[in-house]
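I'd like to go over a predicted model; first the sequence, then the structure.
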Amino acid sequence: MEKCVFLDRDGVLIKDVGYLKNPDDIILMPQTIEALKNLKKIGFLLIIVTNQAGVAKGFFTVDDLERVNKRLIKVYETNDITIDDLYFCPHHENGIVEPYNIKCSCRKPDLGMVVKGVEKFGIDINKSFMIGDKDSDILLAKNSGLRSFYIKNSMYEHDENIIPDFYVSDLKEASDIIIELQGD
Ligand SMILES: [Mg+2]
Ligand SMILES: [Zn+2]
């Protein structure tokens, strides 16, 4: 079975600029290339799971979103890093754009996107991780049995009752810990 690191996109891989629409506005977070390379080297799949309610809310279209995602994957590809898959949730129940204005089962912390990856690749949850910068990422991890990293430099409120396995300052620190854990 495969082991996987599930990655949030905004605030983990790239700067969270809020409802990112234009690929030119992608800013990689520091040391993400090094971090992802190191994880790949020890055999982890990399799957991005990202809530993009901006589609449902009418801030950008699925086409806009796919352009941004493609560019990001390309940036990593040119650095010899294959992102194995990317899943996004375009939904929000209070959205205004049909057919995305629904209560779905893929918006984090619901499990839809993780389940998709697990089934497609045959992923062992017990050997896998979730790295995110919102409570919904930690809750997703808890709901699915993944170990979780919470990146602290968040602009979002953090409920201290929602406790991740690890608090870290960035993706690189999370990847270093994952690598250490492989020795156990
Ligand atoms: Mg985020
Ligand atoms: Zn959804």
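That came through fine. Ligands and ions are numbered 1, 2, ... in the order given.

Enumerate every residue touching whatever residue of the chain ends up closest to ligand 1.
Using CB to the ion, the single residue of the chain nearest to ligand 1 is G11, 3.6 Å away. Where C-beta positions appear, they are placed from N, C-alpha and C, glycine not excepted. Contact analysis of G11 by CB atoms under 8 Å, 6 or more residues apart in numbering lists M29, G132, D133, K134, I151, N153, S154, M155.

For those, work out which two are farthest apart.
M29 and K134 (14.7 Å; CB to CB).

thinking again about what came up before, and the contacts of G11, which is closest to I123?
Among the contacts of G11, G132 lies closest to I123 (CB to CB), at 17.0 Å.

hang on, the earlier thing: look up the pLDDT of the residue of the chain closest to ligand 1 for me, please.
G11 carries a pLDDT value of 95.

Begin at 873, not 1, for the rest of this chat.
That works, and once the first residue is 873, the last one we named lands at G883.

distance of it from ligand 2?
Per CB to the ion, to the nearest Å, G883 is found 19 Å from ligand 2.

still on that earlier bit, more crowded one of M901 and K1006?
A direct count of neighbours by other CB atoms under 10 Å for M901 and K1006 places K1006 higher, at 24 against 20.

per-residue pLDDT, the closest residue in space to G1004 that isn't next to it in sequence?
Leaving aside its chain neighbours, G1004 sits nearest to D880 (3.7 Å; criterion: CB to CB, 6 or more residues apart in numbering). The per-residue pLDDT reported for D880 equals 98.

Just give me the neighbour total for the nearest residue to P981 once chain neighbours are set aside.
Closest residue to P981 apart from its sequence neighbours, by CB to CB, 6+ apart: L1011 at 3.5 Å. Using other CB under 10 Å, L1011 is surrounded by 19 other residues.

Other residues contacting the helix or strand harbouring L1011?
Per DSSP states H and E, L1011 falls inside helix 1007-1016. By CB under 8 Å, 6+ apart, the residues outside helix 1007-1016 that reach it are 880, 921, 923, 980-983, 986-987, 990, 997, 1001-1004, 1018-1020, 1022, 1028-1031, 1034-1037.

Show the buried residues in those residues.
880, 921, 923, 980-982, 986, 990, 997, 1001-1004, 1018-1020, 1022, 1034, 1036-1037 (16 or more other CB atoms under 10 Å).

For ligand 1, tell me which of these show up nearby.
Residues of these in contact with ligand 1 (CB under 5 Å from the ion): D880.

Can you give me the buried ones in the top helix by length along the chain?
In the chain, taking DSSP state H as the definition, the longest helix is helix 934-949. Using 16+ other CB under 10 Å as the test for burial, helix 934-949 gives D936, L937, V940, N941, L944, I945, V947, Y948.
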